[in-house]
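>>> I would like the atomic coordinates for the input below:
(one chain, ligands or ions: 1)
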Amino acid sequence: MALLADGLSRLFIDGKLTAGGAGAYATINPATEEVLGEAANADTADMDRAIGAARRAFDETDWSTNTELRVRGIRQLRDAMGEHLEELRELTIADVGAPRMLTAGAQLEGPIADLSFAADTAESYEWTQDLGLAKPLGIPTKRSVVREAVGVVGAVTPWNFPHQINLAKLGPALAAGNTVVLKPAPDTPWVAAVLGELIAEKTDIPAGVVNIVTSTDHSLGAMLSKDPRVDMVSFTGSTATGRSVMADAAATIKRVFLELGGKSAFLVLDDADLAAACSVAGFSVCLHAGQGCAITTRLVVPRARYDEAVAIAAGTMGSIKPGDPSKPGTVCGPVISARQRDRVQSYLDLAIEEGGRFACGGGRPADQPKGFFIEPTVIAGLGNDARVAREEIFGPVLTVIPHDGDDDAVRIANDSPYGLSGTVFGTDPERAAGVAARLRAGTVNVNGGVWYSADVPFGGYKQSGNGREMGIAGFEEYLETKAIATAAN
Ligand code: NAD
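Below is the predicted model of the structure:
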């Protein structure tokens, strides 16, 4: 079958692919600014139906208790995506502007493979734990603890790594027995819509268990936070929107799981290989044009070697030319939209206003008149109090900050409203590990270690969110806990 001729421009509600109540809207290739085609534009009535369908599927079918069906359905989805891998790859590059090389990992193949972890976890999970006999208040009692699904999950996702984020919510939420309404970012509708067609045609997942609602209307996301039929909101996006989600969910005391922004630090200790560390830092901030929440965008280096560090990072980043993401060698593609490009540019302008300077980059590449490209940029000459060092830019922009020793480096890293991730480079492993232990962040890379993996929990401290995605912790986010006490006499 040729994938998705039709399903890309359809909502998926109650098992059916349907048109959007507000018609359709154009989805744009961020590398070319060309219209790729149409996505369904849902209205509030569509979202209302989707929530109703998810509620019914949870309350009236055996989905939440039929683990065998859930495991089969998730594996069928994984296999269906695998069968259409090459079509999905081209679609992802076009819809997201994702560099082709990243589709071998977190932009496509990684999240598909990670569905296995969700299915395997459900299959082997200890759903009931026997706490044995005890005599609380003198009454002989057999006690057990049962884990069961939370209910209807509203999943709201951003555009930067859409497969990764959509599937890191869908996989564990479904494995745990929930039903889901997925509201993806308006900018990357096809990557989500494709799941509806595959689920409808290739899996035994019952109608209403998964609903996918694409729309340009952000308020449909807020409907999920407010609606009493939704038991939990699983949100990934900016900290500002996360705050609204939390406030909207307060009226119904909904469970809220938030993966938010970051401004993570890359600490280079004074015993580190400075050239290697600063090159790695520069390279990683260029990946997918810096549109990763966990990318380390503050490079914190020994003061005595500040100029050298800036030059090395600028050497690396200046040599990475933003370009066509469909080419195999491209590291840095476009950012998602003109709006995002202008937002990044406004931060670059701010860096100069704040007294900083560019060691490379600083604007739009002259050789890319079309597409939402930004030059990889190193900002030097500012401290950690500058706004460009405190606020999330979400572009290929690195701010280099001096430190006066390990304690100061840790202080700078932790002096942020965020706490998503961090990196430490140092030659003495014990010293580097000691610094890593002091970082207030959800994931830490020491000397190039990779934490991204299906079995590793990912999430933030402070205003980077609450809860964890992936790993057993990520699965258990979607579970309630029920204690059952049975009189034993
Ligand atoms: P965003 O917050 O603008 O939008 C995210 C999603 O929320 C979209 O689907 C949007 O339609 C929806 N939305 C908007 N207003 C809403 C509301 N009031 N209630 C409910 N939903 C609403 O974020 P974005 O610009 O799409 O993505 C970039 C941001 O996402 C960055 O800040 C980045 O750090 C963050 N992010 C975080 C992680 C993580 O795991 N921590 C991962 C990826 C991206």
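>>> which phi and psi does residue 438 have?
Geometry field for residue 438 lists phi and psi as phi -90, psi 0, criterion degrees, to the nearest 10.
>>> Not counting sequence-adjacent ones, nearest residue to it?
Nearest residue to residue 438, sequence neighbours excluded (CB to CB, 6 or more residues apart in numbering): residue 410, at 4.7 Å. All C-beta spots, glycine's among them, are computed from the backbone N, C-alpha and C.
>>> Could you check how far the one you found is from the ligand?
22 Å (CB to the nearest ligand atom, to the nearest Å).
>>> ok, how many other residues are close to that residue?
Close neighbours of residue 410, defined as other CB atoms under 10 Å, add up to 23.
>>> can you tell me the average pLDDT over the helix or strand hosting it?
Applying DSSP states H and E as the criterion places residue 410 in helix 406-414. For helix 406-414, the mean pLDDT works out to 98.
>>> Show me what residue of the stretch 51-200 of the chain gets nearest to the ligand.
In the stretch 51-200 of the chain, the residue found nearest to the ligand is residue 158; the distance is 3.0 Å by CB to the nearest ligand atom.
>>> For that residue, which residues are in contact?
165, 185, 236-238 (CB atoms under 8 Å, 6 or more residues apart in numbering).
>>> ChimeraX command to pick out the buried ones of those?
The buried residues among these can be selected in ChimeraX (16 or more other CB atoms under 10 Å) with this line:
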select :165,185,236,237
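>>> Tabulate the contacts of residue 158 (CSV), appending pLDDT.
CSV is the format used below for those (pLDDT from 0 to 100):
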residue, pLDDT
165, 98
185, 98
236, 98
237, 98
238, 97
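>>> In helices only, show me the contacts of residue 158.
Judged by DSSP state H, those include residue 165 as members of helices.
>>> For the ligand, what's its nearest residue on this protein.
Residue nearest to the ligand within the chain: residue 221 (2.3 Å; CB to the nearest ligand atom).
>>> what packs against the helix or strand containing that residue?
If you go by DSSP H and E, residue 221 is part of helix 219-226. Contacts defined by 3 or more CB pairs under 8 Å, 6 or more residues apart in numbering; DSSP states H and E place helix 219-226 against helix 44-60, strand 152-156, strand 179-183, strand 232-236, helix 239-250.
>>> Which one of these lies nearest to residue 28?
Smallest distance to residue 28 across the helices and strands packed on helix 219-226 (CB to CB): 19.2 Å, for strand 179-183.
>>> which element is the closest residue to residue 204 other than its chain neighbours on?
Excluding the flanking residues, the one nearest residue 204 by CB to CB, 6+ apart is residue 73, at 5.4 Å. Secondary-structure assignment from DSSP H and E places residue 73 in helix 67-83.
>>> near the ligand, which residues of the stretch 351-489 of the chain?
392, 394, 420, 460, 464-465 (CB under 6 Å from any ligand atom).
>>> what about the residue of the stretch 51-200 of the chain closest to the ligand, which SS state?
coil (DSSP: H, G, I helix; E, B strand; the rest coil).
>>> Please give me every residue in contact with the residue nearest to residue 438.
Counting by CB under 8 Å, 6+ apart, residue 410 has contacts 267, 435, 438-439.
>>> repeat that for 10 Å
By CB atoms under 10 Å, 6 or more residues apart in numbering, the contact set of residue 410 is 265, 267, 300, 403, 422, 424, 434-440.
>>> Turn those residues into TSV, including secondary structure, neighbour count and pLDDT.
As requested, the contacts of residue 410 are arranged in TSV below (DSSP: H, G, I helix; E, B strand; the rest coil; neighbours: other CB atoms under 10 Å; pLDDT from 0 to 100):
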residue	secondary structure	neighbour count	pLDDT
265	strand	30	98
267	strand	29	98
300	strand	28	99
403	strand	23	98
422	strand	29	98
424	strand	30	98
434	helix	14	98
435	helix	22	98
436	helix	20	98
437	helix	11	98
438	coil	16	98
439	coil	22	98
440	coil	16	98
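>>> So which bits of stretch 337-344 are buried?
For stretch 337-344, by 16+ other CB under 10 Å, it's 337, 340-341, 344.
>>> again, but for stretch 316-326
Of the residues in stretch 316-326, 316-318, 320-326 count as buried by neighbour count, 16+ other CB under 10 Å.
>>> Filter these down to just the ones in helices.
The members of the buried residues of stretch 316-326 that map onto helices under DSSP H are 316-318.
>>> so can I have TSV of the helices and strands packed on helix 219-226 showing distance to the ligand?
Below are the helices and strands packed on helix 219-226 laid out as TSV (distance: least, CB to the nearest ligand atom, whole Å):
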stretch	distance to the ligand
helix 44-60	11
strand 152-156	5
strand 179-183	6
strand 232-236	5
helix 239-250	3
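>>> so which of these gets nearest residue 349?
The closest of the helices and strands packed on helix 219-226 to residue 349 is helix 239-250. By CB to CB, the value is 20.6 Å.
>>> If I take the closest one and helix 219-226, what angle do their directions form?
Comparing the axes of helix 239-250 and helix 219-226 via axes from the mean of the first three to the mean of the last three CA atoms, to 10 degrees yields an angle of 40 degrees.
>>> Now do helix 239-250 and strand 152-156, the angle between them.
Orientation note: helix 239-250 sits at an angle of 160 degrees relative to strand 152-156 (the same axes, to 10 degrees).
>>> right, and the helix or strand after helix 239-250?
Downstream of helix 239-250 (by DSSP H and E), the next one is strand 255-259.
>>> Show me what that following strand is packed up against.
strand 152-156, helix 162-175, strand 232-236, helix 239-250, strand 465-466 (3 or more CB pairs under 10 Å, 6 or more residues apart in numbering; DSSP states H and E).
>>> With distance to residue 35 as extra columns, can I get these in TSV?
Shown next, in TSV, are the helices and strands packed on strand 255-259 (distance: least, CB to CB, whole Å):
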stretch	distance to residue 35
strand 152-156	25
helix 162-175	19
strand 232-236	27
helix 239-250	26
strand 465-466	34
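>>> Out of these, flag the one nearest residue 107.
The closest of the helices and strands packed on strand 255-259 to residue 107 is helix 162-175. By CB to CB, the value is 6.4 Å.
>>> okay, the closest one in PDB with CA atoms only?
What follows is helix 162-175, C-alpha atoms only, in PDB (Å, rounded to 0.1, in the frame of the first residue of the first chain):
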ATOM      1  CA  PRO A 162       7.600  14.500  17.200                       C
ATOM      2  CA  HIS A 163       7.800  10.700  16.700                       C
ATOM      3  CA  GLN A 164      10.000  10.500  19.800                       C
ATOM      4  CA  ILE A 165       7.600  12.400  21.900                       C
ATOM      5  CA  ASN A 166       4.300  11.100  20.500                       C
ATOM      6  CA  LEU A 167       5.500   7.500  20.900                       C
ATOM      7  CA  ALA A 168       7.200   8.000  24.300                       C
ATOM      8  CA  LYS A 169       3.700   8.900  25.500                       C
ATOM      9  CA  LEU A 170       1.500   6.600  23.400                       C
ATOM     10  CA  GLY A 171       3.600   3.500  24.000                       C
ATOM     11  CA  PRO A 172       3.700   3.500  27.800                       C
ATOM     12  CA  ALA A 173       0.200   5.000  28.200                       C
ATOM     13  CA  LEU A 174      -1.300   2.200  26.100                       C
ATOM     14  CA  ALA A 175       0.900  -0.500  27.700                       C
END
